[in-house]
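*Asks:* Sequence first, predicted model second:
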Amino acid sequence: MDNLIEILFKRLNALEKRIEKYYKVLYIENELDFILNGTYIFEEDLADILDGNYVLGGENGKN
């Protein structure tokens with residue numbers, strides 16, 4: 001029984017760390033947070049993404 005409680009406690013701690021990590025990634029207070037997190041998308045890029053025409057980097061990609 002103690003072994004099961006120990007395993008569950010370790011899993012709970014791991015889940016807590018993952019939730020904290022995701023919160024830090026997803027927390028947005030202002031537009032600067034988008035830029036600092038690397039998640040800022042320009043309007044013209046967003047249109048290409050929604051149309052399915054966006055290409056990442058490379059010779060044929062957008063810079």
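*Replies:* That came through fine.
*Asks:* Pick out the residue closest to the middle of the chain.
*Replies:* Against the mean C-alpha coordinate of the chain, by Cα atoms, centre = their mean, the closest residue is Val25 at 5.2 Å.
*Asks:* what sits against it?
*Replies:* Shown in contact with Val25 (Cβ atoms under 8 Å, 6 or more residues apart in numbering): Asn37. Any C-beta I mention is one placed from the backbone N, CA and C, and that applies to glycine too.
*Asks:* doesn't it fall inside a helix?
*Replies:* Yes - when DSSP: H, G, I helix; E, B strand; the rest coil is applied, Val25 is found to be in a helix.
*Asks:* how about the strands of this protein, start to end?
*Replies:* In the chain, no strands are defined using DSSP state E.
*Asks:* So in it, where's the weakest helix or strand by average pLDDT?
*Replies:* The least trusted helix or strand in the chain, going by mean pLDDT, DSSP states H and E, turns out to be helix 31-36, with a mean of 76.
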